[in-house]
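**Student:** got a predicted structure here, sequence first:
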Amino acid sequence: MRLAFSKSVFLSCAIVAGGLLAGCTGPASQSAAVKSDTAVVAKAGAEPDAQGTPKHLRALTQEQYLNTLAYVFGPDVQIEPHFPPSQRTDGLLALGTSRNGVSSAQLELYQKAAVGVAQLVTNPSRRKFLLTCKPASDTAADAACASTFFTRVGRLIHRRPLTPAELSEYVDEAGKSANQLHDFYKGLAVSIEAMLISPDVLFVLETSERDPAKAGGERLDAFSFATRLSLFLWNAAPDDELLRAAEKGDLQNPKGRLTQVNRMLASPRLEKGVRAFFDDMFAFDAFAALSKDAVAYPAFTGVTAADAREETLRVVVDQLITKQADYRDLFTTRETFISPRLAAIYKLPAPPAWTRYTFPDDSPRAGILTHVSFLATHAHPVRSSPTMRGKALRELLLCQPVPPPPPNVDFSALENPTSPFKTTRDRVNFHLKNPVCAGCHRITDPMGLALENFDGVGGFRDSEKGQQIDASGSFDGKPFTGAVGLGKALHGNPALTACLVKRAYSYGSGSAATNDDKPLLDYYDGRFGAESYKLPSLLRTIAMSGAFARVAVPKAQAAGDAATPAATKVHE
Amino acid sequence: MNELTRRRVLRGMLNGSAVTVGLPLLDCFLNGNGNALADGTPMPIRFGTWFWGQGHSKNVFVPKQAGQHYELPEELQSLKDIKQHINVLTNLTAYRDTAFFCHYTGWVVARTGIAPQTGALPLAESIDTTIANQLGRTTRYKTLSVTATGDVRDIISYESPTTPNAPEFSPVNFYTRMFGPDFQDPNAPTFSPSPTVMVRKSALSGVMDKIKGLETKVGAADKVRLDQYFTGLRHLENQFDQQLTKPEPRPACVMPAAMKDMDTGSDSTLVAQRHAMMTDLLAMAVACDQTRIFNMVYSYGFSNTTKAGYDKPHHTCTHEEPKDDKLGYQPNASWFVRRAMESWAHYVKAFAAIKEGDGTLLDNCLIMANSDVSEARVHSIEEMAAFTAGKMGGKFKTGLHIPCGGAKITNLGLTALQSFGFDMKTWGQKSNETDKTVSELLV
């Protein structure tokens, strides 16, 4: 369903926010941020009048569920719930969480997980830490103690304070069960289980309130905004402090919001959030089923696959959070981390454990495109694939969808026994001779061919079937050689950062960016550039923008939204 | 034979052999004719599906003769032991209507009756869900979906257009879900309902009430999702009820031995092993009446099954391997189809190997098998093939090759639905809508 809005009626919150920010007095670091913000606004302009996004009903992912439990009950309350992933929508799994329903089988998994958590929380070894009170009797109900527990825990799990009626339901149910089972803790566990399968816990229901900045406008209410922000930055429910900020109304004013956003960006929990975002954007869910031919690639195992994913995510965290490097440098940096398994693919001496490593200046490897992760996931089980790699590069990193091949194309000339094609380049170039194929292959192959020095699992090679590999390639008409050249070409292409911006906004807001969002995305990208393409700056810009909290009400908010997903026109 | 010995026999069966095991049928469980339970309740009828990706090679797959006395062509040779249990249906057509999605449109039409508009989601629930909504309410699981590919994303069953049934993909997880601590042996001599489950069920009603409050705050599409959630809660409630009720004895039900997980990977040998392990668990889960509706994916539309020493996975092979002029088909692509047919044979044998009453579990099943295309090389959704297996309690014939003359593939679905008692004159939409059945299948 195409969403249409009257843009003119919305006042940009960013302008309001900017004005208030300029006048706020805060700690030195905030003042510095304000000064810097003024300079950035001068360079990138002010936030345009954007439509915002619809309110969503988002299902918590497994990671969000586990991250939340780890915060509420401690990291040793660990379970393996096996929740199925949502379906990738408009490039992100995160967007599927706003569309997919919960099957009976999935609900059963939620229930099993809830039982596991409740058992761990009420286990005799943990109860003294996790319960701040002791019941009068271990074998009967104790409403006061249960109430203390559910007041604290229920607020964190529900992402808002419980209403008196909700609290009383949990306490009463725990009491009734405790009396029937003659065990206070078992009774408590039954109520914990019920809470953990509650629809308002497993679904994030976004609710709105009148936007005082605009007559007739709506914005997310404080608790919905807190949750959107927390899922965006931490991939978890809000913590106690964020909920307190929501309760006090601080999140609904720019100064208070900035304080919280900066706190969250400075928190170690940002790492999990950033990992989750890039894991989704890079489509690393493919690792769950990645396998390679054991004869062709004996060094590549399931452990290698897991380590390959980890390598790239470590580099992302190190470069973009720890070092606050330019996002584009991800595609040129020589710095990485290697594990013993990866060392076998990289043909390096195996370290005893994960260790930092810098590829030498004359190495053919630079940037994450030369990681095993990217090279192996976008290749066949037995050989490389310039087309798959070029397609992934276009779609995942540049947000440029490549159409599927026509349904009735015969590629068999490639494999004819008398085929003159010796190398992958020969085979791929054959596509260009067929006008039906050439249109798309011209988009993908010249980029993918620059990675031909890497086989189907990312191992380096300089020849194929006795032929010296030609790793020349081009990207939108600019020629270069090899993966290092490709990385530099990407580094200089504006679509690289524009795509990250688009994905980050879609991921955070839960809505695929539409054509109408283009001015907003351009604004984000402009600020991103003005702040040296530092990821935390981009996250801050999005989180502080008016559009991130603004609720867009579709003209025809009616049935059929889920039934006509194709009709949503997506800006790609 | 005591119970321990009986278990041993079944464990032997579950380890791969596929002979009919003559279980001692306890007379007290059955009526005098052996075709119903002692209280007169008929044996339950089940619906199952099986899916393989990448179609077939027409000239070595389609039998030359129609009817009962047909010869199995090369690609179907592995079906010789199950020929009497199955029907081969050929020359069925799916219609794309608007857009076409290679390796997707064909099976979505066969399973939902409607050609998809996007490559992401079907437009209706799948047929197993339709049947499960009627048949699956009395068992522990409304449906079970399993994949041999090891990939949780290989989804073939949908509870609603936006609610996929993610398949079980790990044999160990599947075992634990079926036969782990919550399994109630229907043949156990004693039964005592768990007090914890009783209170759990009571707490569930409070959870259900919350849906009502939420539904007032969301739009129509999200309301559908909440309704789906509510249905799931009802199913959970039903599961609790099951746990609180002494199960009907199931003589064929024997809890299988625990198993080790296996390597991930898509090598055809690994896929076959995974398929066999999960099929055997699935068949026993059905025998134990844990579900009456089940789905198995051997390989998916974009099948990435590999052949040792061959550099192309199945899907790539179908597009890149030349047809052999003398053979008239793609040899390696056909090799992959033959491996799929071996696993189809295993699947049917697993159900046929479990004795139930005076027949077998398979006799009380209708299993429908289909693929995404006919000739994968060109993604054709004309001349598609399908199978059925089982007699559905005597309603279906078996042992036939039925050339369907280009009839709609939805005819098969309508035949199944009507046979399960659905008062449905038509099934499907637009070009795929049908009011015809495959009458040759019916007794």
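**Tutor:** Arrived safely, thanks for sending.
**Student:** how much space separates A:L486 from A:F421?
**Tutor:** Noted for A:L486: a distance of 23 Å to A:F421, by CB to CB, to the nearest Å. Backbone N, C-alpha and C define where each C-beta goes, glycine included.
**Student:** more crowded one of the two?
**Tutor:** Applying other CB atoms under 10 Å in any protein chain shown to A:L486 and A:F421 shows that A:L486 carries more neighbours, namely 30 against 16.
**Student:** wait, isn't B:V297 in contact with B:T149?
**Tutor:** Yes - using CB atoms under 8 Å, B:V297 makes contact with B:T149 at a distance of 6.3 Å.
**Student:** center of chain A, which residue is that?
**Tutor:** The centroid of chain A falls nearest to A:F277 when counting by CA atoms, centre = their mean (1.9 Å).
**Student:** ok, that one - contacts?
**Tutor:** Under the criterion of CB atoms under 8 Å, 6 or more residues apart in numbering or on different chains, the neighbours of A:F277 are A:235, A:503-504, A:507.
**Student:** could you turn the buried ones of these into a PyMOL selection?
**Tutor:** PyMOL command restricting these to the buried ones, with burial defined by 16 or more other CB atoms under 10 Å in any protein chain shown:
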select buried, chain A and resi 235+503+504+507
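**Student:** who touches stretch B:236-252?
**Tutor:** Residues from elsewhere that reach stretch B:236-252, judged by CB under 8 Å, 6+ apart: A:104, A:107-108, A:111, A:197, B:23-26, B:29-30, B:37, B:41, B:137-141, B:182, B:184-187, B:191, B:193-194, B:197-198, B:200-201, B:204-205, B:208, B:287-289, B:354-356, B:361.
**Student:** report the buried residues of that stretch.
**Tutor:** For stretch B:236-252, by 16+ other CB under 10 Å, it's B:236-240, B:242-244, B:247-252.
**Student:** again, but for stretch B:401-412
**Tutor:** Buried residues in stretch B:401-412, defined by neighbour count with 16+ other CB under 10 Å: B:401-404, B:407-412.
**Student:** what's the answer for stretch A:482-493, then?
**Tutor:** Neighbour-count burial for stretch A:482-493 flags A:482-491, A:493 (criterion: 16+ other CB under 10 Å).
**Student:** can I get it in PDB? Just the C-alpha atoms.
**Tutor:** What follows is stretch A:482-493, C-alpha atoms only, in PDB (Å, rounded to 0.1, in the frame of the first residue of the first chain):
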ATOM      1  CA  GLY A 482      41.500  -6.400  -8.000                       C
ATOM      2  CA  ALA A 483      39.800  -6.200  -4.700                       C
ATOM      3  CA  VAL A 484      41.800  -3.300  -3.500                       C
ATOM      4  CA  GLY A 485      40.800  -1.300  -6.500                       C
ATOM      5  CA  LEU A 486      37.200  -2.300  -6.000                       C
ATOM      6  CA  GLY A 487      37.300  -1.200  -2.300                       C
ATOM      7  CA  LYS A 488      38.600   2.200  -3.300                       C
ATOM      8  CA  ALA A 489      36.000   2.600  -6.000                       C
ATOM      9  CA  LEU A 490      33.300   1.800  -3.500                       C
ATOM     10  CA  HIS A 491      34.800   4.100  -0.900                       C
ATOM     11  CA  GLY A 492      34.400   7.000  -3.300                       C
ATOM     12  CA  ASN A 493      30.900   6.200  -4.500                       C
END
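**Student:** quick one: mean pLDDT for it?
**Tutor:** Mean per-residue pLDDT for stretch A:482-493: 95.
**Student:** also stretch A:519-536?
**Tutor:** Predicted confidence along stretch A:519-536 averages 97 (mean pLDDT).
**Student:** same question, stretch A:54-74
**Tutor:** Averaging pLDDT along stretch A:54-74 gives 94.
**Student:** what is the end-to-end distance of that stretch?
**Tutor:** As for stretch A:54-74, its first-to-last residue distance stands at 34 Å under the measure CA to CA, to the nearest Å.
**Student:** list just the nearest of the buried residues of stretch A:482-493 to chain B.
**Tutor:** Taking CB to the nearest CB as the measure, chain B lies nearest A:A483 of those, at 22.7 Å.
**Student:** domain parsing of chain B, as residue ranges.
**Tutor:** Per the record's domain assignment (automatic domain parsing), chain B is made up of the domains B:3-181+B:256-441, B:192-245.
**Student:** make a markdown table from the buried residues of stretch B:401-412 and add secondary structure, pLDDT and distance to chain A to it.
**Tutor:** Compiled in a markdown table, these are given as follows (DSSP: H, G, I helix; E, B strand; the rest coil; pLDDT from 0 to 100; distance: CB to the nearest CB, whole Å):
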| residue | secondary structure | pLDDT | distance to chain A |
| --- | --- | --- | --- |
| B:H401 | strand | 98 | 28 |
| B:I402 | strand | 98 | 27 |
| B:P403 | strand | 98 | 24 |
| B:C404 | strand | 97 | 22 |
| B:A407 | strand | 98 | 22 |
| B:K408 | strand | 98 | 20 |
| B:I409 | coil | 98 | 17 |
| B:T410 | helix | 98 | 20 |
| B:N411 | helix | 98 | 24 |
| B:L412 | helix | 98 | 23 |
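**Student:** all set now, cheers.
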